[in-house]
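> Show me how the following folds:
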Amino acid sequence: MHRAIFRLTGFSATLLASLAATGPLTAGEWQVPADKGALSEILAKAQAGDILRLAPGNHAGPVLLDKPVTLAGAGKARITGTGTGSVVTVAVADVVVEGLTLTGSGLSQETLDAGVKLTKKAHRAIVRNNRILNNLTGVDVHGARDATVSNNLIEGRRDLRMNERGNGIYVWNAPGLLAEHNTIRFGRDGIFVNTSPKDTFRANRFEDLRFAVHYMHGNSGVIEGNISEGNDIGYALMFSDRLKVRGNVSIGDRNHGLMLNYANHAEISGNQVEGGGEKCLFMYNANKNKVTDNRFEGCPIGVHFTAGSANNAFEGNAFVGNRTQVKYVGSRQLDWSTDGRGNFWSDHPAFDMNGDGIADTAYRPNDMIDQVLWTQPSAKLLVGSPAVQLLRWTQSQFPALLPGGIVDTAPLMHPPAQAFPSAGVQG
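Prediction:
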């Protein structure tokens with residue numbers, strides 16, 4: 001037995017002659033010309049572990065990979081589907097799909113037609129260095145464990161309305177998935193997780209989407225070093241526990257940079273939300289989370305904290321230049337400092353007489369007037385009146401008159417030094 005390289009042109013007679021000459025094969029390489037029927041015929045004859053190197057040009061899809069092979073295009077080969085179903089379907093473990101342009105899936109939301117579909121048998125599949133363009137879903141990871149999706153450019157159907165499009169990467173019951181260094185644009189959600197634990201999403205870039213990352217029932221996942229820019233919502237974390245959300249950036253996302261909805265026991269650290277259209281951080285019935293060393297800057301509302309969210313720890317965050325730093329409607333007194341260290345508030349005029357970096361006076365982002373305005377918006381007409389101004393001054397002088405709400409008893413004098421990922425993820 002020996003390793004062989006096959007070159008097909010016309011090609012059936014040449015292929016049969018090659019097979020007869022070489023006898024049984026170990027893992028080998030096949031050169032696949034961009035001829036009609038070549039790819040399907042070679043796939044039928046390839047063995048486990050073989051590498052199929054696709055020549056530059058267009059190859060006809062759809063393609064079903066039911067043997068553990070490598071399908072490689074070196075960045076110059078294209079597989080085009082028929083507009084029905086998925087372009088490449090992986091139905092076995094240990095397959096590699098790399099260096100290809102994949103386009104031409106169907107538009108069925110029911111079957112999640114995709115550029116690449118990893119079925120429940122496609123464990124440890126690798127999808128890397130591809131251009132996955134103009135499909136309904138980019139990559140559908142549907143039950144495959146320990147798969148990798150990396151360094152792909154995934155662009156959805158721009159001729160469809162946003163809610164008609166599929167997701168860049170759809171994840172269902174695929175624990176151990178690693179998706180990193182992908183650029184995802186023009187879909188519905190960049191990454192949509194539906195009931196899948198222990199996945200990692202790292203160093204991806206998201207643009208022109210509804211949600212950059214939409215997490216539903218995905219416990220113990222890691223979301224780190226990603227960039228979301230110009231989406232409706234950056235990171236929507238919902239009905240999930242024990243997430244680690246670290247070092248992500250949201251720039252100019254229109255509604256919320258970070259949203260926690262029934263997300264509990266999460267670590268939210270080292271993230272930057274800048275210039276959001278509505279709220280930097282929205283927490284709705286989110287409990288027992290650690291929110292530390294983040295920067296929330298330039299939003300109409302820095303943090304909207306509501307619906308019974310409790311037992312959350314805030315420490316070392318920087319709230320910079322938000323029109324309203326915190327919106328909290330509630331009667332409980334919540335101290336946003338931990339072990340004598342609070343957060344930085346850009347609108348807190350305070351002194352630090354002993355030079356320990358902690359302001360000498362506590363910070364209260366809201367007063368009684370704020371609460372009236374949130375419950376009775378028409379009262380905004382009275383904000384500039386002398387009576388309202390007198391009431392605000394009186395509350396500042398007599399803290400006992402202040403309502404329950406957020407207080408930072410150890411505010412920082414300076415924002416903590418933080419490093420965030422640059423915008424230079426694959427484009």
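> any idea where the helices of the stretch 301-427 of the chain begin and end?
368-375, 386-397 (DSSP state H, counting those that start in this stretch).
> for the chain, that is, sorry about that
12-22, 38-45, 368-375, 386-397 (DSSP state H).
> Going by neighbour count, which residues of the second one are buried?
Right, helix 38-45. Within helix 38-45, the residues that qualify as buried are 38-39, 41-43, counting by 16 or more other C-beta atoms under 10 Å. Glycine gets a C-beta too; all of them are placed from N, C-alpha and C.
> and if you look at stretch 74-83?
77-81.
> Which single one of these is nearest to residue 122?
Comparing the buried residues of stretch 74-83 against residue 122 with C-beta to C-beta places residue 79 closest, at 16.9 Å.
> Run through the bridge partners of residue 250.
residue 228, residue 273 (DSSP bridges).
> quick one: contacts for the residue most central in space within the chain?
Nearest to the mean C-alpha position of the chain, counting by C-alpha atoms, centre = their mean, stands residue 213 at 3.1 Å. If a contact means C-beta atoms under 8 Å, 6 or more residues apart in numbering, then residue 213 has 189-191, 193, 201, 206, 223, 226, 228, 234-237 as its contacts.
> Among those, which are located in strands?
When the contacts of residue 213 are checked against strands (DSSP state E), the matches are 189-191, 193, 201, 206, 223, 228, 234-237.
> So which of those residues is the closest to residue 269?
Of the ones in strands among the contacts of residue 213, the one sitting nearest to residue 269 (C-beta to C-beta) turns out to be residue 223, at 11.2 Å.
> That closest one: what's it in contact with?
So residue 223 contacts 201-202, 213, 215, 235, 237, 243-246, 248 (C-beta under 8 Å, 6+ apart).
> switch the cut-off to 6 Å
Residues near residue 223 by C-beta atoms under 6 Å, 6 or more residues apart in numbering: 201, 213, 245.
> same deal with residue 69?
46, 50, 52.
> Not counting sequence-adjacent ones, nearest residue to it?
The shortest distance from residue 69 to any non-neighbouring residue, by C-beta to C-beta, 6 or more residues apart in numbering, is to residue 50 (5.0 Å).
> ok, back up a step: just the buried members of the contacts of residue 213?
Here, 16+ other C-beta under 10 Å leaves 189-191, 193, 201, 206, 223, 226, 228, 234-237 buried among these.
> picking that back up, between the buried residues of helix 38-45, which is nearest residue 59?
Looking across these and measuring by C-beta to C-beta, the closest to residue 59 is residue 39, at 4.9 Å.
> Please report how far the closest one lies from residue 77.
Per C-beta to C-beta, to the nearest Å, residue 39 is found 10 Å from residue 77.
> And for residue 115?
For residue 115, the distance to residue 77 - C-beta to C-beta - is 14 Å.
> where does the stretch 251-400 of the chain have low pLDDT?
307, 330-331, 367-400 (pLDDT under 70).
> okay, the buried residues of stretch 74-83 in a markdown table with pLDDT and distance to residue 170 next?
Shown next, in a markdown table, are these (pLDDT from 0 to 100; distance: C-beta to C-beta, whole Å):
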| residue | pLDDT | distance to residue 170 |
| --- | --- | --- |
| 77 | 98 | 25 |
| 78 | 98 | 23 |
| 79 | 98 | 20 |
| 80 | 98 | 21 |
| 81 | 98 | 17 |
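> Mark which of those residues are part of strands, please.
77-80.
> how about those in CSV, adding distance to residue 414?
Below are those laid out as CSV (distance: C-beta to C-beta, whole Å):
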residue, distance to residue 414
77, 54
78, 53
79, 54
80, 56
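> and which of the residues you listed is nearest to residue 90?
residue 79 (12.9 Å).
> separation between that closest one and residue 106?
For residue 79, the distance to residue 106 equals 14 Å [C-beta to C-beta].
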